[in-house]
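J.: Need coordinates for the following:
(chains A and B)
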Amino acid sequence: MMRVRAIVVRIIRQFFRDKRTLALMIVAPMFVLLLMNLVFNGEEYQPTIAVSKKTPDVVVEKLTKYDADVKKLTEATARKQLEKQQIDAFMEMDEGTPKITLEGSDPTVNKAVLMTVQKALQELVPQTRSLQWKTTYLHGSEDMALFDNFGPVLIGFFVFFFVFLIAGVSFLRERTSGTLERLLSTPLKRWEIVAGYIVGFGLFTTLQASLIAWFAVDILDMMMEGSFVYVLLITFLLAMTALTLGMLLSAFANNELQMMQFIPLVVIPQVFFSGLFNLDTMAEWLRSLSVVMPLTYGADALREIMVRGNGWNEIAKDVYVLLGFAILFMILNVVALKKYRKL
Amino acid sequence: MPEKPCIRLEHVTKRFGKKTVVEDVSLDVHKGEIFGLLGPSGAGKTTIVKMIAGIDEATSGTIHVLNKKMPDLHVMERIGFMAQSDALYGELTAFENLQFFASIYGLKGKKQRERIDDVMNLVNLTDDMKKPVHQYSGGMKRRLSLAISLLHEPEVLLLDEPTVGIDPVLRQAIWEELERIRQNGTTIVVTTHVMDEAEKCQRLAMIRDGRLIAVGSPDELKKETNSETIEQAFLYFGGAR
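T.: I've put the predicted structure just below:
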């Protein structure tokens, strides 16, 4: 009994010595729950539907009644706005039959649009006549599964997550095992250490990303409209960002467990904000948080490529932002190593 | 000795925040001697060695190694450093570890292979070259660590507790090895808290609570204090202050 008690006391003491782990065990689950709550308790998605100028006002009225944001646009403007995802669908009258074109890359949005249209038309058309309309998709199709929509995000996420963790832990080991100190007792320059890690991991992650993307596209049959090379470029940049961020944060961890503690703080929030869930239903100020999250840009670019089949012009901005993140973190790493050696 | 000292510390003080770890230490280490830093753990020996190695910088005072003010990347190329922890990559084999560090010092090709064979021969590990390091015993890791610090034929060798946790037979062997390295002209600074090891150094510095309490050859220190052993001498110097 005494020995057991001694162990219990020791364990409790250890817990209170490590205040961070203690705080995290309590705060982290609350934090994740909060995020879940914010994301899933958002209001019902309100689709934005454009209608052609000739559409009778009564249709607009009914659509609005069923929670749609309705805009009257010419066909040309509507097409442009569809392309930019400013509107979700465009409805026009084709010889008395309504014709709907959906943007199509998010199945949840598609469903919301079709529901609204169905409800609206049902009220307009006498019950006896059968309800008919034509639907076309700009991207994707009726068969597009939810998975196709968030698949690209998941690819980005997995690359980010694993590289972050592995890079963080391996750099942490370098610190704790004393090998970093030994490296710094050689004429090796600080930036050379960072560069070595980037190149080493760069090679490894290119392989990793290729395999994941190949698996998703060829084995899981994920939608793949664009170029595989672009997918590799984006995953590579995401990996570089994850690597440099992981290395940087490993400076604030004393052991592997503390490195793990960064997962709910750094990685999971990015999942929620990266477009896995529709952010349009989230409060504006909360949505703006996604600006500082690398995964947002990676996921956006991957979706542009894989779902919408777009090329360089559409992903250029994401590429530059990711590159910016990676370079910023690299510089911070070189500076952070000063803690170990001034030169 | 008429020659310029190989390592010279002048009024070196090191503080971490408010805590003073090394206070006003001045000493010279001559070329081709084994110089011992003797003191209990926590006395500041490691900090002094790290400052000589150029990893840490003194808060005040200056350190010159081979006539250059430290820290200096070019001088660091001529220093071999063996830390208290083994600092090896456990997943890699001994050979891969050696290869890695040799490459960092710019050794390549045939020369690299030669140096690796030489140092492994020196520490008697040639047969275990291809073993992953995590299968090594504690003593083997220490010896491999020593081998790595000798790879680039340094002029100055800094060893932080090289024999800690090593059995007496092996300890004897390592000291014999150090003596041989010294005879080749290398200057060696070694920290230890084992008093009888101190006897094997040409000269000694006794350190307590970050202060230098005595410097001299083991015989001088014993004679000065009328002691039979270094331990008694240490106690005398420690108590006198």
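
J.: which residues sit in contact with B:Leu27?
T.: B:8-9, B:205, B:212, B:215 (CB atoms under 8 Å, 6 or more residues apart in numbering or on different chains). Every residue, glycine included, has its C-beta placed from N, CA and C.

J.: and B:Phe80, how many residues sit next to it?
T.: Just so we're on the same page, residue B:80 is Gly rather than Phe. A count of nearby residues for B:Gly80, using other CB atoms under 10 Å in any protein chain shown, gives 24.

J.: If you could redo that for B:Thr13, that was the one I meant.
T.: B:Thr13: 15 neighbours (other CB under 10 Å).

J.: Parallel or antiparallel, which strands does whichever helix or strand it is part of pair with?
T.: For B:Thr13, the element it lies in under DSSP states H and E is strand B:7-16. Sheet pairing of strand B:7-16 (DSSP bridges) gives strand B:19-29 (antiparallel), strand B:60-65 (antiparallel).

J.: contact partners of that strand?
T.: Contact partners of strand B:7-16, identified using CB under 8 Å, 6+ apart, comprise B:20-29, B:35, B:44, B:47-48, B:51-52, B:56, B:58-65, B:156, B:187, B:189, B:210.

J.: Among these, the buried ones, what's the ChimeraX command?
T.: Entered in ChimeraX, the line below selects the buried ones among the contacts of strand B:7-16, by 16 or more other CB atoms under 10 Å in any protein chain shown:
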select /B:20,21,22,23,25,27,28,29,35,44,47,48,51,52,56,58,61,63,64,65,156,187,189,210
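
J.: What segments of the chain are strands?
T.: Defaulting to chain A. Remark: strands assigned in chain A by DSSP state E are A:48-52, A:69-73, A:89-94, A:97-102, A:134-137.

J.: Let me rephrase: I mean chain B.
T.: Taking DSSP E as the test, the strands found in chain B are B:7-16, B:19-29, B:34-38, B:60-65, B:68-69, B:79-82, B:156-160, B:187-192, B:203-208, B:211-216.

J.: packing partners for the third one?
T.: Using 3 or more CB pairs under 8 Å, 6 or more residues apart in numbering or on different chains; DSSP states H and E as the contact criterion, the secondary-structure elements in contact with strand B:34-38 are helix B:45-53, helix B:168-183, strand B:187-192, helix B:195-198, strand B:203-208.

J.: Could you dump these into CSV with distance to chain A and mean pLDDT added?
T.: Shown next, in CSV, are the helices and strands packed on strand B:34-38 (distance: least, CB to the nearest CB, whole Å; pLDDT from 0 to 100):
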stretch, distance to chain A, mean pLDDT
helix B:45-53, 5, 92
helix B:168-183, 18, 86
strand B:187-192, 13, 93
helix B:195-198, 22, 83
strand B:203-208, 21, 92
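
J.: can you list those in a markdown table and add distance to A:Ser250?
T.: Output for these, formatted as a markdown table (distance: least, CB to CB, whole Å):
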| stretch | distance to A:Ser250 |
| --- | --- |
| helix B:45-53 | 21 |
| helix B:168-183 | 34 |
| strand B:187-192 | 29 |
| helix B:195-198 | 37 |
| strand B:203-208 | 33 |
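
J.: Report how many residues lie close to residue 226.
T.: Using chain A. 22.

J.: That was the other one, I meant chain B.
T.: 9.

J.: ok, back up a step: let me have the strands of chain A in CSV, extended by distance to chain B, mean neighbour count and mean pLDDT.
T.: CSV is the format used below for these (distance: least, CB to the nearest CB, whole Å; neighbours: other CB atoms under 10 Å in any protein chain shown; pLDDT from 0 to 100):
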stretch, distance to chain B, mean neighbour count, mean pLDDT
strand A:48-52, 55, 22, 87
strand A:69-73, 58, 17, 86
strand A:89-94, 55, 20, 82
strand A:97-102, 52, 19, 83
strand A:134-137, 51, 14, 80
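
J.: Over to the closest residue to chain B within the stretch 101-250 of chain A: give its phi and psi.
T.: Using CB to the nearest CB, the closest approach of the stretch 101-250 of chain A to chain B is made by A:Gly178 at 3.5 Å. The phi/psi pair for A:Gly178 (degrees, to the nearest 10) reads phi 90, psi 0.

J.: how far away is it from B:Arg143?
T.: Counting by CB to CB, to the nearest Å, the gap from A:Gly178 to B:Arg143 is 16 Å.

J.: which one of the two has more residues nearby?
T.: Shown here are A:Gly178 and B:Arg143; by other CB under 10 Å, B:Arg143 has more neighbours (27 against 16).

J.: pLDDT value on the more buried one, please?
T.: With respect to pLDDT, B:Arg143 scores 87.

J.: from what I can see it touches B:Asn121, true?
T.: No: with contact defined as CB atoms under 8 Å, B:Arg143 does not reach B:Asn121; the gap is 11.5 Å.

J.: can you pull the buried residues of the helix ranked longest in chain A?
T.: Taking DSSP state H as the criterion, chain A has its longest helix at helix A:146-176. The neighbour-count check on helix A:146-176 (16+ other CB under 10 Å) flags A:148-175 as buried.

J.: which helices and strands does that helix pack with?
T.: Using 3+ CB pairs under 8 Å, 6+ apart: helix A:146-176 touches helix A:107-124, helix A:179-184, helix A:190-214, helix A:228-250, helix A:256-260, helix A:268-271, helix A:294-306.

J.: is the fifth one up against chain B anywhere?
T.: Spelled out, that is helix A:256-260. No: counting by CB under 8 Å from any CB of the partner chain, no contacts exist between helix A:256-260 and chain B, the nearest distance being 14.4 Å.

J.: Also stretch A:189-209?
T.: Yes: using CB under 8 Å from any CB, stretch A:189-209 comes into contact with chain B via A:Lys189.

J.: Local confidence estimate at residue 227?
T.: Picking chain A for this. 82.

J.: my bad, the chain I had in mind was chain B
T.: 85.

J.: Which residue, other than its chain neighbours, is closest to it?
T.: B:Ala233 (4.4 Å; CB to CB, 6 or more residues apart in numbering or on different chains).
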